[in-house]
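1. fold the following, please.
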Amino acid sequence: IRRPPRSTPLYSSAASDVYKRQGLINVAVALTAVPINGVLNRIMISELNLPASLVALLIVLPYLFSPMQVWIGGYADTHPLFGMRRTPYIVIGLLLCAAGSALSPMAAFMLAEGWHSGTFMPGLLLAILAFGAWGMGFNFATVSYLSLATEMAGEEHRARTIGIMWFMLIVAMIIAGIVIARSLREYSEAALFQAFYMTCAVSLILGFGGLLGLEKRYVAVQAQVARRSYTEMLHAIATNAQARLFFGYLILLLIAILGQDILLEPYAADLLAVPIDQTTRYTSIWGGALLFGLLITDQIVRRSSKIRASAIGSVLVGLGLLLIAASGMLNIKAMLVPSLVVFGFGSGISTASNLALMLDMTIPGQVGIFVGAWGLADALARLIGTLLSGTLRDVVFWLTSNKATGYVSVFLVEAAAIFISLAILPRLNVRLFREQAKHSTDVISLAGEMGQ
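-> Numbering: from 1, shown residues only. Modelled structure (predicted):
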């Protein structure tokens with residue numbers, strides 16, 4: 001009995017080297033966000049006494065650009081630059097991410113000084129510029145490197161590609177968390193600036209090192225598809241019932257996983273009196289648990305399915321959020337780290353299984369369009385989750401005059417979101433998605449021919 005032929009990746013290269021280099025790009029983009037989400041958020045809220053809702057508004061500003069991901073992905077599918085469809089857009093994204101991240105601490109201090117003196121407009125404009133640049137870069141880079149990974153890996157190797165990319169990402173985040181924590185052991189503005197600049201420089205070195213020579217120029221391979229307008233791209237997604245369902249599922253799931261980013265460190269500082277260097281280590285603790293979850297996800301998928309693995313991860317994420325909330329309600333400092341471990345472990349399983357499922361939810365020739373759509377869902381979830389977290393914390397605190405109630409309410413709402421997403425999960429079907437996507441593509445192509 002002959003084995004069926006393996007799917008052939010779009011590009012040929014030594015597989016392990018390709019996976020590692022794709023992982024370096026993923027690491028480079030994520031590193032620019034580590035000091036913002038792991039340090040600067042706490043400093044702005046707890047040390048600089050800025051309202052959590054204002055900090056949330058700045059952090060979600062980048063995700064207002066998220067609809068661009070569908071356009072960027074679809075445009076790059078049919079508009080190579082210098083003979084390459086992904087690399088130039090990744091370079092643009094990396095440069096913007098690093099520039100925005102490096103500028104953000106200066107913007108934070110200027111904003112805080114102006115906020116308390118009544119002349120906050122210059123600081124606010126600089127903050128909008130810094131966070132906006134990072135967000136524009138994030139949207140350019142994310143959809144482009146995920147599209148490149150999808151095309152280069154081929155369907156058979158996508159799960160392995162995702163595993164390696166996110167394994168490298170979490171290891172890098174753990175190391176970055178430890179290094180930044182040590183550099184801020186004696187906190188000062190100078191040390192904070194140095195930590196940001198060092199992180200951004202390393203991200204650029206890693207990103208450009210991974211990109212160099214990775215994508216081959218198009219000569220014989222011309223996987224071109226019909227050029228479509230932005231409206232037609234959105235129509236291809238909106239008319240696919242499975243795509244709409246998956247879009248909503250991703251938003252709920254990611255609100256629960258990512259919405260806590262802005263408040264976890266201030267939560268530990270305000271309720272449990274944890275110093276800056278220790279809250280910075282939370283990234284490493286959470287990352288270590290997430291890494292272990294990533295490592296065992298492949299075995300769970302092999303023995304069951306991506307859907308079941310996603311469900312297991314979601315249950316653990318929900319349990320972790322409930323335990324984090326309980327640590328604040330009961331004022332038990334020792335309970336917070338075990339809660340983070342449970343939350344991180346579940347996040348690892350959920351991240352690996354859902355990313356593999358996300359890359360299955362694409363069709364050849366339109367990878368950029370659908371990866372862009374799932375990137376849009378990710379960005380909207382970050383926007384909604386972060387705004388919800390900051391605003392809900394401030395509103396509940398204002399109504400009750402109790403900080404603990406404000407923080408705890410956020411984690412409970414996020415736990416509710418994860419359990420609602422669990423109810424949607426069994427209805428997802430990759431085969432049905434592809435059938436509906438093919439039908440939608442055929443309709444658009446026929447309409448285009450009739451229009452001509």
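
2. hmm, Met136 is touching Tyr63, no?
-> No: counting by CB atoms under 8 Å, Met136 does not reach Tyr63; the two are 10.8 Å apart. In short, each C-beta sits where N, CA and C put it, glycine included.

3. which of those two has more neighbours?
-> Shown here are Met136 and Tyr63; by other CB atoms under 10 Å, Tyr63 has more neighbours (23 against 19).

4. my guess is that one meets Leu383, correct?
-> Yes: with contacts counted by CB under 8 Å, Tyr63 reaches Leu383, the gap being 3.7 Å.

5. show me the strands in the stretch 251-400 of the chain, by range?
-> Assigned strands in the stretch 251-400 of the chain: none (criterion: DSSP state E, counting those that start in this stretch).

6. the helices in the stretch 201-350 of the chain, which residues?
-> Here the stretch 201-350 of the chain has its helices, by DSSP state H, counting those that start in this stretch, at 230-238, 241-258, 264-272, 276-280, 282-303, 306-329, 336-360.

7. centre of the chain to the second one, how far?
-> The chain centroid and the centroid of helix 241-258 are separated by 13 Å under CA atoms, centre = their mean, to the nearest Å.

8. just put the helices of the stretch 201-350 of the chain in CSV and tack on distance to Val34, mean neighbour count and mean pLDDT.
-> Shown next, in CSV, are the helices of the stretch 201-350 of the chain (distance: least, CB to CB, whole Å; neighbours: other CB atoms under 10 Å; pLDDT from 0 to 100):
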stretch, distance to Val34, mean neighbour count, mean pLDDT
helix 230-238, 31, 17, 62
helix 241-258, 14, 22, 86
helix 264-272, 12, 23, 78
helix 276-280, 10, 21, 70
helix 282-303, 7, 20, 81
helix 306-329, 20, 22, 90
helix 336-360, 15, 24, 86
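
9. those helices: which one's closest to Tyr187?
-> helix 276-280 (5.4 Å; CB to CB).

10. outside of stretch 413-426, which residues touch it?
-> With contact meaning CB atoms under 8 Å, 6 or more residues apart in numbering, stretch 413-426 is reached by 245, 248-249, 252-253, 255-257, 259-260, 307, 310-311, 314-315, 317-318, 321-322, 325, 385, 388-389, 392.

11. ditto for stretch 248-255
-> Contacts with stretch 248-255, where a contact means CB under 8 Å, 6+ apart, come from 314, 350, 354, 358, 374, 377-378, 380-382, 384-385, 388, 414, 417-418, 420-421, 424-425, 428.

12. any of the residues you listed buried? List them.
-> Buried members of these, counted by 16 or more other CB atoms under 10 Å: 314, 350, 354, 358, 374, 377-378, 380-382, 384-385, 388, 414, 417-418, 421, 425, 428.

13. how much space separates the closest residue to Ala130 other than its chain neighbours from Gly177?
-> Excluding the flanking residues, the one nearest Ala130 by CB to CB, 6 or more residues apart in numbering is Leu103, at 3.9 Å. As defined by CB to CB, to the nearest Å, Leu103 lies at a distance of 22 Å from Gly177.

14. kindly report the same for Leu58.
-> With CB to CB as the criterion, Leu58 and Gly177 are 22 Å apart.

15. ditto for Ala356
-> Counting by CB to CB - Ala356 and Gly177 are separated by 26 Å.

16. one more: Thr142?
-> For Thr142, the distance to Gly177 - CB to CB - is 21 Å.

17. go on, Tyr197?
-> 17 Å.

18. of these two, who's got more company?
-> Between Tyr197 and Gly177, counting by other CB under 10 Å, Gly177 is the more crowded of the two (23 against 15).

19. state the helix or strand in which that one lies.
-> Using DSSP states H and E, Gly177 sits in helix 158-183.

20. which strands or helices does that helix pack on?
-> Helix 158-183 sits against helix 15-31, helix 34-35, helix 121-153, helix 189-211, helix 276-280, helix 282-303, helix 336-360, with contacts defined as 3 or more CB pairs under 8 Å, 6 or more residues apart in numbering; DSSP states H and E.

21. and that helix with helix 336-360, angle?
-> For helix 158-183 against helix 336-360, the angle by axes from the mean of the first three to the mean of the last three CA atoms, to 10 degrees is 150 degrees.

22. which residue sits closest to the residue at minimal distance from the centre of the chain, ignoring its sequence neighbours?
-> The centre of the chain sits closest to Asp378, judged by CA atoms, centre = their mean, with a distance of 6.2 Å. Distances taken as CB to CB, 6+ apart place Leu254 nearest to Asp378, at 5.7 Å, with adjacent residues excluded.
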